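1. Take this sequence and fold it.
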Amino acid sequence: MTYTKLKLGQSIGIIGGGQLGKMMAQSAQRMGFKVNILDPDPTCPARFVSHQFIESPYNDIDGLRRLSDISDCITYEFENINAETLKAICAVNHVPQGYETVGILQNRLSEKEAIASSGAIVVPYRKVDSQAALDQAIQDLSYPIVLKTIFGGYDGKGQLVLTSEAQLEEAYGMVENAVLVAEQMIELDREISITASRNLQGEICYFPVQENEHRNQILFKTTVQHTHPYTEQAIAEVEKIISAIHFVGTFTVEFFIDKAGQLYVNEIAPRPHNSGHYSIEACDYSQFDTHILSVIGYPLPKQITLHEPAVMYNLLGQDLDAMERYFPEHPEWHVHVYGKAVRKENRKMGHITLLLDDKADTYYPIYEEMMK
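-> Residues are numbered from 1 along each chain as shown. I've put the predicted structure just below:
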């Protein structure tokens, strides 16, 4: 497979100017590359670390062409770009990730179908596009089930946990307005994820398995250790997936583990992921470093080294005041504030990484008391 290898000083165009785009840009600039950002928000975090900024909707073809005109390759920070619009840019510029993967993964139904067809294990599911289909899904899967819209939705948005007939009216209302996926609700023991990067040459590197805790369906914390009992199994599932779906750059596969110890693929993010942020301080390469190396055509490290066990906590809008109170007393905290202009409850405004080095008993109570 042919690929383009960027030279120092050339430009990377990033579609999306949120925190992921900002951290991609910072890695790229440290390596000697220029960065151009496209985002509809003139106050987005990545604007202030870009060489050139284009204020434009993500799916506006004219804006994307302007980004293409000033960039030597194109990447993106999220998967909700219209695949057909991205396809048009692929025809005129080097987009290492292509458009096909975005088209598959931005639709929950086609994502599950692709994962299942790869041989990886997914939670039993059904397509729901009518009241009759919902009734059949309930019969097949039994209560409780989780209904999810197939487009959009993150951090628990666009979802309904259906536990009894008492909620059917609400569920029927969802079906009237959207195609849904119904998933069997498993007895969850824990959630993990694994982040990997792959370049066009086919090299791949894996980050440590990440243990994730969610609160109100938003990632609360991620913990990593030097070893994890599910590492080999998680990597084996990822290898099935990448044999069926085209990946370039950093991506993360999220897993459920039930009470019986069965591992299920939950979903895939085809870009750097919230649960991989700890890698900035805790590893010899961050997930953003390896993403940039992948899209510019450079070799990847053969192995990612975790310097120390670590925990990463999200900072939501309601957490920032408490963080400012506590931070001066804790220089060991690695604080990242993304620079979003508007602070909202439950909006991800930053994160904190703590390098544990066997001090978890000291760190956890202090920080979790702050987060109450």
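2. Point out where the protein drops to low pLDDT.
-> In the predicted model of the chain, residues 1-3, 152-157, 358-372 satisfy pLDDT under 70.
3. And it, what are its domain boundaries?
-> Domain assignment for the chain, taken from automatic domain parsing, gives 11-95, 124-184, 188-370.
4. Ok, which of those domains comes nearest S118?
-> Across the domains of the chain, S118 has its closest neighbour in domain 188-370 (3.7 Å, C-beta to C-beta). Any C-beta I mention is one placed from the backbone N, CA and C, and that applies to glycine too.
5. I'd like to know which of the domains of the chain lies nearest to K112.
-> Each of these was checked against K112 via C-beta to C-beta, and the shortest separation belongs to domain 124-184, namely 5.5 Å.
6. how far does the closest one stretch from start to finish?
-> 6 Å (C-alpha to C-alpha, to the nearest Å).
7. just stretch 98-116 next, same as before
-> Taking C-alpha to C-alpha as the measure, stretch 98-116 stretches 22 Å from start to finish.
8. related to what we said a few turns ago, for the domains of the chain, state which one has the densest average packing.
-> With neighbours defined by mean count of other C-beta atoms under 10 Å, none of the domains of the chain is more surrounded on average than domain 11-95, at a mean of 20.
9. how long is stretch 221-234 from one end to the other?
-> With C-alpha to C-alpha as the measure, stretch 221-234 spans 20 Å from end to end.
10. for stretch 320-339, same thing?
-> For stretch 320-339, the separation between the terminal residues is 12 Å (C-alpha to C-alpha).
11. Columns distance to R108 on top of the domains of the chain, output as a markdown table?
-> What follows is the domains of the chain, written out as a markdown table (distance: least, C-beta to C-beta, whole Å):
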| stretch | distance to R108 |
| --- | --- |
| domain 11-95 | 11 |
| domain 124-184 | 4 |
| domain 188-370 | 7 |
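12. so how far is the helix or strand hosting T290 from its chain's centroid?
-> Element membership for T290 (DSSP states H and E) is helix 287-295. Its chain's average C-alpha position is 14 Å from that of helix 287-295, according to C-alpha atoms, centre = their mean, to the nearest Å.
13. which other residues reach the helix or strand that that helix is followed by?
-> Once the chain leaves helix 287-295, the next helix or strand it forms, by DSSP H and E, is strand 310-316. Outside strand 310-316, the residues within contact range by C-beta atoms under 8 Å, 6 or more residues apart in numbering are 218-224, 274-275, 277-278, 281-282, 323, 336-337, 345-356, 360, 363-364, 367, 371.
14. Could you do stretch 21-37 as well?
-> By C-beta under 8 Å, 6+ apart, the list of residues contacting stretch 21-37 reads 6, 8-14, 16-17, 39, 44-47, 49-54, 67, 70-71, 75, 77, 272, 277, 280, 286, 288-289, 291-293, 296, 338-339.
15. CA atoms of that stretch as CSV?
-> Extracted as CSV, the C-alpha positions of stretch 21-37 are listed here (Å, rounded to 0.1, in the frame of the first residue of the first chain):
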residue,chain,number,x,y,z
GLY,A,21,-8.2,18.3,18.2
LYS,A,22,-6.2,20.6,20.6
MET,A,23,-4.2,17.7,22.0
MET,A,24,-3.6,16.3,18.5
ALA,A,25,-2.3,19.7,17.4
GLN,A,26,0.0,20.0,20.4
SER,A,27,1.6,16.6,19.6
ALA,A,28,2.0,17.6,15.9
GLN,A,29,3.5,20.9,16.7
ARG,A,30,6.0,19.4,19.1
MET,A,31,7.1,17.1,16.2
GLY,A,32,7.6,20.0,13.9
PHE,A,33,4.4,20.1,11.9
LYS,A,34,1.9,22.9,11.3
VAL,A,35,-1.7,22.5,12.1
ASN,A,36,-4.9,23.9,10.6
ILE,A,37,-8.2,23.6,12.4
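16. Skipping its backbone neighbours, what lies nearest L306 in space?
-> Closest residue to L306 apart from its sequence neighbours, by C-beta to C-beta, 6 or more residues apart in numbering: P208 at 5.1 Å.
17. Could you measure from the one you found over to K302?
-> Distance check for P208 against K302: by C-beta to C-beta, to the nearest Å, it reads 15 Å.
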